[in-house]
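Asks: Any chance you could fold what I've pasted below:
(4 chains)
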Protein chains: 4
Amino acid sequence: MTDGKINVTVWNEFWHEQTSDTVKKIYPDGIHKAIGEGLLQEGSFNVNYATLDMPEHGLTEEVLKQTDVLFWWGHCKHGDVKDEIVDRVQKRVQEGMGLICLHSAHFSKIFRRMLGTTCSLKWREIGERERIWNIEPAHPITSGIGEYIELPHCEMYGERFDIPTPDKTIFISWYEGGEVFRSGVTFERGYGRIFYFSPGHETFPIYYDEKIRRILCNAAKWAAPRIQREISCPCVEPLENIQKKN
Amino acid sequence: MTDGKINVTVWNEFWHEQTSDTVKKIYPDGIHKAIGEGLLQEGSFNVNYATLDMPEHGLTEEVLKQTDVLFWWGHCKHGDVKDEIVDRVQKRVQEGMGLICLHSAHFSKIFRRMLGTTCSLKWREIGERERIWNIEPAHPITSGIGEYIELPHCEMYGERFDIPTPDKTIFISWYEGGEVFRSGVTFERGYGRIFYFSPGHETFPIYYDEKIRRILCNAAKWAAPRIQREISCPCVEPLENIQKKN
Amino acid sequence: MTDGKINVTVWNEFWHEQTSDTVKKIYPDGIHKAIGEGLLQEGSFNVNYATLDMPEHGLTEEVLKQTDVLFWWGHCKHGDVKDEIVDRVQKRVQEGMGLICLHSAHFSKIFRRMLGTTCSLKWREIGERERIWNIEPAHPITSGIGEYIELPHCEMYGERFDIPTPDKTIFISWYEGGEVFRSGVTFERGYGRIFYFSPGHETFPIYYDEKIRRILCNAAKWAAPRIQREISCPCVEPLENIQKKN
Amino acid sequence: MTDGKINVTVWNEFWHEQTSDTVKKIYPDGIHKAIGEGLLQEGSFNVNYATLDMPEHGLTEEVLKQTDVLFWWGHCKHGDVKDEIVDRVQKRVQEGMGLICLHSAHFSKIFRRMLGTTCSLKWREIGERERIWNIEPAHPITSGIGEYIELPHCEMYGERFDIPTPDKTIFISWYEGGEVFRSGVTFERGYGRIFYFSPGHETFPIYYDEKIRRILCNAAKWAAPRIQREISCPCVEPLENIQKKN
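Replies: Residues are numbered from 1 along each chain as shown, chains lettered A, B, ... in the order given. A predicted model of the protein is given here:
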């Protein structure tokens, strides 16, 4: 944060946008660029991009070292992400970097790695209406959002969502087709903060929505490191004056 | 639980007991046998044993399928546990099997896998006094334990313990040398319950202590599966009568 | 629990059933009797009844002393419940008695007393459809319930529900009119367990529904005291051998 | 916060300082002034004082309306605080005001009101050593504190502390006499944040300690309102297009 801005890296598997005409039309430069655009407009962030096909998936030691908050969007290429890169990202989150996992990143290696559960859910793609209720109006992530957000078309993600009990459930979604979903949830792991936010299917222009962009900006500020520090497991001397006994 | 008993498997890396005379004298048949003895005396459990040097570390699909609660003791051989076995255990915990991690199993692959953090801590081996305070007198794990347990000699494990905020902090330990530690903590991951309990260094006869054994029996009952079920990620039809829209 | 059964007291303000013909037709003997009937059928409970118009609202020291789990149904007479009775109930919950607050008991003195928040929510009475999703399939309260329960007609209770972050969110409801609600939530206060469950409007026959009854039975078992003990604030002697210094 | 500063009101029962020579010597102007001095030195706060003997205990509607964060110190006069003032403070906390309860304020009406438990603990006054371990190094309340703080002389407060499971346990204290205590804990109730911090006995100069002052400043910033809003319980129209059915 040398210039007072938060350094964000937006990671995208960047596959659908290169292979599906529908998706290409909505996100011609990739979902990552649409997310980054929303962050840049707000003015508090420097934005870097990284994609699956870059060397080390664009997540070198150097890049991660300079990243305060990492956004993650992935869908059908989770299995192609190398384990050593996931190890590296996990270590950085433990040391303080923020992590924001979007939409189908519920099934990304990094999200499952941080939580320890399968992160399974129900799903359906018929473009139904979603209403995202703001359950925590005082939380910084919901600042300026109001009581709810409505998305006219979305992919449905329904409960049971197999995650640990969140620190805070920020949003709960209602779907026209009859399901509910904890669509915004926070966790802390090590010194790092994690936010999962479910809206963002590649066939709908959700990352251009002003309120969705506001949430992503809020979340990036919330997830910015409070401290950054390596974690060790030291052998220590007694603080009190006791004798060695065994 | 065909005979109404809970099927426990006690896993031990079983190394110190075969290589250190000090440890051999305290646990001649291995720490796992001392833990199992305490469970068998209580009468509610069938006990199976598994060790690192057995094929598949003694944790075959068949063994895990018949295990309600898995105890884990490991110390200097964490790295020798094969990842595919850890995958298998993790899947079973997610599906409902209980997991009880003891002492230096804070650094086991399976515990770190379930929690997503480094599970680091401070430590010291001078055989000092530990007093384990019961913070949750109404929790089933502390049934019959009283206000605290005192261990005359222990390895110190001190904060900060790098774990996610526990569902419940059951025990907090006081050490003669000046540290504190959340020495008994519970988590849920998927359908499975997890209990970490820090006492149990290999050079002290802690698993013969009647109150420690009581806690392990209580914990095994608490962690026994409430349901056991595979977790899937299904595509579902709408429950309400809506039209496909995109 | 002298006969191995759990002693339940079902408290009802018992007003609508005596003043509204609609309600009288559905619950001719009072909502409390319909709730009690479901408990008695199951076989694990002794059931006692208490209502607002009884001396001390039917909640004498003697009655509470013999109550393991207290059900509470109230709606328009919350203000008539005497504060000293609320004090008495609160003390018993702190000492271990279970408390199950139903439907509009979200606004009861005892529920607000235990939680410290306003317990406000949104509401609407048009008899719409409610679908109660089971978010915690492994929790004892949902045993035998399946993925969801559907109520054809209900009063809508919508978020934001002003409660502290629950220990566990067991159920989340979907409403035809577009809202969601954390309709089943658990808390612990002192040694006592608390379950709030929102279905149960007086103009719908919800307490005759077999699955609703199953949930109430499960909840009463879950909330039964694990210990019962007065809570004091004692001055204690040091355990370690230190000198008085000031 | 019209001038960009956080408006703090420090409330003190202000009794020991007027009746005990020992206490008067340490806190000649009252504990509230020593707390306020630490806040003023830091520079981010406007500080107002209120004491038990003032009209309405110094907590008029007007004062509370202009208070962002309320500190509370009380010990032997909890019973003299009028219930209607406690009602008023509770409402303000629910609407967003921060509340920081210090030392024996664990037994204050307002703290027990917000939490619903007895807030009992063990205690001892022999001036022993306390070591306050920082369990959450990434939390804003511990910014700049380091691994632990040591107080040479304190009143011991020991577990079991009868509080609901905290959102975060920030500090755990070790005492020379053998006890432990969750000495810094956070809660949220309504839109308000609550921090309880146990050090601060009237016979020791704890509120002059630089690290203790740092914690109080950190806590006041953390507890400052994120939103301030009245909480209502509205009847709402359906968002979806459904027909009234009953």
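Asks: Pretty sure A:E61 sits against A:D87.
Replies: No: contact between A:E61 and A:D87 fails when scored by Cβ atoms under 8 Å: they sit 11.5 Å apart. Using the backbone N, CA and C atoms, a C-beta is placed for each residue, glycine as well.
Asks: I'd like to know which elements the longest strand seen in chain A is packed against.
Replies: For chain A, the longest strand by residue count, based on DSSP state E, is strand A:122-134. Packing contacts for strand A:122-134, counted by 3 or more Cβ pairs under 8 Å, 6 or more residues apart in numbering or on different chains; DSSP states H and E, involve strand A:148-158, strand A:168-175, strand A:180-189.
Asks: Assign A:A105 to helix, strand or coil.
Replies: helix (DSSP: H, G, I helix; E, B strand; the rest coil).
Asks: Tell me how far it lies from A:L115.
Replies: Going from A:A105 to A:L115 by Cβ to Cβ, to the nearest Å gives 12 Å.
Asks: hang on, the earlier thing: counting neighbours, go ahead and name the busier of A:E61 and A:D87.
Replies: A:D87 (13 against 10; other Cβ atoms under 10 Å in any protein chain shown).
Asks: quick check, the more buried one in a helix?
Replies: Yes: under three-state DSSP, A:D87 sits within a helix.
Asks: Enumerate the positions of the longest strand of chain A that are buried.
Replies: A:K122, A:W123, A:R124, A:I126, A:G127, A:E128, A:R129, A:E130, A:R131, A:I132, A:W133, A:N134 (16 or more other Cβ atoms under 10 Å in any protein chain shown).
Asks: Let me have these in JSON lines, adding pLDDT as columns.
Replies: What follows is the buried residues of strand A:122-134, written out as JSON lines (pLDDT from 0 to 100):
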{"residue": "A:K122", "pLDDT": "97"}
{"residue": "A:W123", "pLDDT": "97"}
{"residue": "A:R124", "pLDDT": "96"}
{"residue": "A:I126", "pLDDT": "95"}
{"residue": "A:G127", "pLDDT": "95"}
{"residue": "A:E128", "pLDDT": "96"}
{"residue": "A:R129", "pLDDT": "97"}
{"residue": "A:E130", "pLDDT": "97"}
{"residue": "A:R131", "pLDDT": "98"}
{"residue": "A:I132", "pLDDT": "98"}
{"residue": "A:W133", "pLDDT": "98"}
{"residue": "A:N134", "pLDDT": "98"}
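Asks: helices or strands up against the lengthiest helix in chain A?
Replies: In chain A, taking DSSP state H as the definition, the longest helix is helix A:210-223. When contacts are defined as 3+ Cβ pairs under 8 Å, 6+ apart, helix A:210-223 packs onto strand A:6-12, helix A:31-42, strand A:69-73, strand A:98-102, strand A:148-158, strand A:192-197.
Asks: so A:L102 bridges to which residues?
Replies: Per DSSP bridges, residues listed as beta-bridge partners of A:L102: A:W73, A:F197.
Asks: okay, now it: neighbour count?
Replies: Neighbour tally, A:L102, other Cβ under 10 Å: 29.
Asks: Who are the contact partners of it?
Replies: A:I35, A:F71, A:W72, A:W73, A:Y196, A:F197, A:S198, A:G200 (Cβ atoms under 8 Å, 6 or more residues apart in numbering or on different chains).
Asks: how near is the fourth one to A:G178?
Replies: A:W73 sits 27 Å away from A:G178, going by Cβ to Cβ.
Asks: what about the longest helix of chain A, average pLDDT?
Replies: Across helix A:210-223, the average pLDDT comes to 98.
Asks: can you check stretch A:47-56 too?
Replies: 98.
Asks: helix or strand for the nearest residue to A:G116 once chain neighbours are set aside, which one?
Replies: Of all residues not flanking A:G116 in the chain, B:M114 sits nearest, at 4.3 Å (Cβ to Cβ, 6 or more residues apart in numbering or on different chains). Under the criterion of DSSP states H and E, B:M114 resides in helix B:109-115.
Asks: which helices and strands does that helix pack with?
Replies: Going by 3+ Cβ pairs under 8 Å, 6+ apart, helix B:109-115 lies up against helix B:83-94, strand B:98-102, strand B:180-189, strand B:192-197.
Asks: could I get those as a markdown table with distance to C:N218?
Replies: Conversion of these to a markdown table gives the following (distance: least, Cβ to Cβ, whole Å):
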| stretch | distance to C:N218 |
| --- | --- |
| helix B:83-94 | 23 |
| strand B:98-102 | 20 |
| strand B:180-189 | 18 |
| strand B:192-197 | 18 |
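Asks: Looking at those, which is nearest to C:D80?
Replies: Nearest to C:D80 among the helices and strands packed on helix B:109-115 is strand B:180-189; the distance by Cβ to Cβ comes to 40.6 Å.
Asks: Let's test this: mean pLDDT of that closest one, rounded?
Replies: Mean pLDDT, strand B:180-189: 98.
Asks: Sheet-wise, list the partners of that strand with their directions.
Replies: Here, using DSSP bridges, strand B:180-189 pairs with strand B:168-175 (antiparallel), strand B:192-197 (antiparallel).
Asks: Mean pLDDT added to those, as CSV?
Replies: Shown next, in CSV, are the strands paired with strand B:180-189 (pLDDT from 0 to 100):
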stretch, mean pLDDT
strand B:168-175, 98
strand B:192-197, 98
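Asks: Quick one: closest of the ones you listed to A:K65.
Replies: A:K65 lies closest to strand B:192-197 among the strands paired with strand B:180-189, at 31.6 Å (Cβ to Cβ).
Asks: who's in contact with that closest one?
Replies: Residues external to strand B:192-197 that are found in contact with it (Cβ under 8 Å, 6+ apart): B:92-103, B:105-106, B:111, B:114, B:141, B:163, B:170-171, B:183-188, B:215-216, B:219, B:222-223, B:225.
Asks: now the angle from that strand to strand B:98-102?
Replies: Orientation check (axes from the mean of the first three to the mean of the last three Cα atoms, to 10 degrees): strand B:192-197 against strand B:98-102 gives 20 degrees.
Asks: and strand B:192-197, C-alpha only, in CSV?
Replies: What follows is strand B:192-197, C-alpha atoms only, in CSV (Å, rounded to 0.1, in the frame of the first residue of the first chain):
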residue,chain,number,x,y,z
GLY,B,192,-18.2,-34.5,11.1
ARG,B,193,-17.2,-33.3,14.5
ILE,B,194,-13.6,-32.6,15.5
PHE,B,195,-12.1,-32.2,18.9
TYR,B,196,-8.5,-31.2,19.5
PHE,B,197,-7.1,-31.9,23.0
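Asks: Next, the angle helix B:210-223 makes with it.
Replies: On the basis of the same axes, to 10 degrees, strand B:192-197 is oriented at 170 degrees to helix B:210-223.
Asks: what does chain A put close to chain C?
Replies: Within reach of chain C by Cβ under 8 Å from any Cβ of the partner chain, chain A has these residues: A:131, A:133-137, A:147, A:158-160, A:165, A:168-169, A:172-175, A:178-180, A:182.
Asks: let's see it at 6 Å
Replies: Within chain A, the positions adjacent to chain C are A:R131, A:W133, A:I135, A:E159, A:R160, A:I172, A:W174, A:G178, A:V180 by Cβ under 6 Å from any Cβ of the partner chain.
Asks: Thank you kindly, that will do.
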